[in-house]
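>>> Just the structure for this:
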Amino acid sequence: RDESRNNLTLDMYLDCLRQICHQIGISGEKFNQDIILHPGDNSSMAAAKTIQAIEKYKADMSNILKGLKTLVVLDDVWSHEDVELFNFGEHTASRFSILLTTRTLDEH
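All right, here's what the predicted structure looks like:
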């Protein structure tokens, strides 16, 4: 298992963001995949566009949660990078917490 990469696909991430919106009673329509890939784009260009989109979606969610008390529960997390995708509190002054569970074993 490669612990250094995200296990979430962009589609999975966007679905999670839409679910958060649903749970707080707002539309999640803005969280749709709108990355435009061109025929000449190589895998590095596609990855860069995906990262830019994720950062935009993360900032959008931070704005939505601004001023709200928020607890995000992440179940069965395998990598730190996946948790960072949901750290919306770093961009806002909201009271924000993350509770996570994992099956990662501490081998020390």
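>>> Which residue ranges of the chain form strands?
Taking DSSP state E, the strands of the chain run over residues 69-74, 95-100.
>>> neighbours around Leu85, how many?
As a burial measure, Leu85 scores 20 neighbours (other C-beta atoms under 10 Å). Where C-beta positions appear, they are placed from N, C-alpha and C, glycine not excepted.
>>> So for Gln23, which of the strands of the chain sits nearest?
strand 69-74 (10.0 Å; C-beta to C-beta).
>>> in its sheet, what does that closest one sit against?
Strand 69-74 has its sheet partners listed here by DSSP bridges as strand 95-100 (parallel).
>>> average model confidence for the strand it pairs with?
Average pLDDT, strand 95-100: 85.
>>> what's in contact with it?
65, 68-75, 77, 83, 86-89 (C-beta atoms under 8 Å, 6 or more residues apart in numbering).
>>> Need the CA coordinates for the longest helix out of those in the chain. PDB is fine.
The helix that spans the most residues within the chain, counting by DSSP state H, is helix 43-65. Extracted C-alpha coordinates of helix 43-65, given in PDB (Å, rounded to 0.1, in the frame of the first residue of the first chain):
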ATOM      1  CA  SER A  43      -0.700  12.900 -17.300                       C
ATOM      2  CA  SER A  44       1.300  15.600 -15.500                       C
ATOM      3  CA  MET A  45      -0.900  18.300 -16.900                       C
ATOM      4  CA  ALA A  46      -4.100  16.300 -16.000                       C
ATOM      5  CA  ALA A  47      -2.700  15.800 -12.500                       C
ATOM      6  CA  ALA A  48      -1.900  19.500 -12.100                       C
ATOM      7  CA  LYS A  49      -5.400  20.500 -13.300                       C
ATOM      8  CA  THR A  50      -7.000  18.000 -10.800                       C
ATOM      9  CA  ILE A  51      -4.900  19.400  -7.900                       C
ATOM     10  CA  GLN A  52      -5.900  23.000  -8.900                       C
ATOM     11  CA  ALA A  53      -9.600  21.900  -9.000                       C
ATOM     12  CA  ILE A  54      -9.400  20.200  -5.600                       C
ATOM     13  CA  GLU A  55      -7.800  23.300  -4.000                       C
ATOM     14  CA  LYS A  56     -10.600  25.400  -5.500                       C
ATOM     15  CA  TYR A  57     -13.300  23.000  -4.200                       C
ATOM     16  CA  LYS A  58     -11.700  23.000  -0.700                       C
ATOM     17  CA  ALA A  59     -11.700  26.800  -0.600                       C
ATOM     18  CA  ASP A  60     -15.300  26.900  -1.800                       C
ATOM     19  CA  MET A  61     -16.300  24.500   1.000                       C
ATOM     20  CA  SER A  62     -14.300  26.600   3.600                       C
ATOM     21  CA  ASN A  63     -16.400  29.600   2.500                       C
ATOM     22  CA  ILE A  64     -19.600  27.600   2.800                       C
ATOM     23  CA  LEU A  65     -18.700  26.500   6.300                       C
END
